[in-house]
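Undergrad: sequence isn't available, so here's the structure alone:
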């Protein structure tokens, strides 16, 4: 689907806040830290902006009525957006496909992948059309 305007985006203002916070963190810390450090800094930045976030949230993976696995989301922002952080040298689609599975398990509509790369912050929005 081609996005034509902000009015068609899901949670545009909250998305911009999250992505802006990631850029702020990267500008302060630079490249080369472990994912955990970027996560702690991003959590602090979101709190400073009064954005409600929960960290490392348990999400069961179910088949019919049975739990067949589990996943821990890096963040769930205001109960609306599942946020995953990655420190990578190369972007790929594997993480986006994986995030879509997590979104379906959690019943959340929007996921954002934030990549901290040597070239700066990159991001990808992933939509769960089944939510």
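TA: Yes, it's here. If you're wondering where the values come from, they're calculated on a predicted model, not measured in any experiment.
Undergrad: what about stretch 50-65, distance to the chain center?
TA: 12 Å (C-alpha atoms, centre = their mean, to the nearest Å).
Undergrad: can you check stretch 23-41 too?
TA: 14 Å.
Undergrad: for that stretch, give me every contacting residue.
TA: 42, 45, 55, 74-75, 85-87, 116-118, 120-121 (C-beta atoms under 8 Å, 6 or more residues apart in numbering). The way it works is simple: take the backbone N, C-alpha and C, and place the C-beta from them, glycine included.
Undergrad: one more time with 6 Å
TA: 42, 45, 85, 87, 116, 118, 121 (C-beta atoms under 6 Å, 6 or more residues apart in numbering).
Undergrad: do the same with stretch 102-120
TA: Defining contact as C-beta under 6 Å, 6+ apart, one finds that stretch 102-120 is touched by 10-11, 22, 26, 31, 38, 59, 61, 71, 81-88, 91, 95, 99, 122-126, 128, 130-131.
Undergrad: nearest residue to the middle of this protein?
TA: Against the mean C-alpha coordinate of the chain, by C-alpha atoms, centre = their mean, the closest residue is residue 83 at 1.8 Å.
Undergrad: how close does residue 93 get to residue 67?
TA: Residue 93 sits 27 Å away from residue 67, going by C-beta to C-beta, to the nearest Å.
Undergrad: still on that earlier bit, is the spatially closest residue to the residue nearest to the centre of the chain that is not a sequence neighbour part of a helix or strand, or is it coil?
TA: If the residues on either side of it in the chain are set aside, residue 83 comes closest to residue 75, at 4.0 Å by C-beta to C-beta, 6 or more residues apart in numbering. With DSSP: H, G, I helix; E, B strand; the rest coil as the basis, residue 75 sits in strand.
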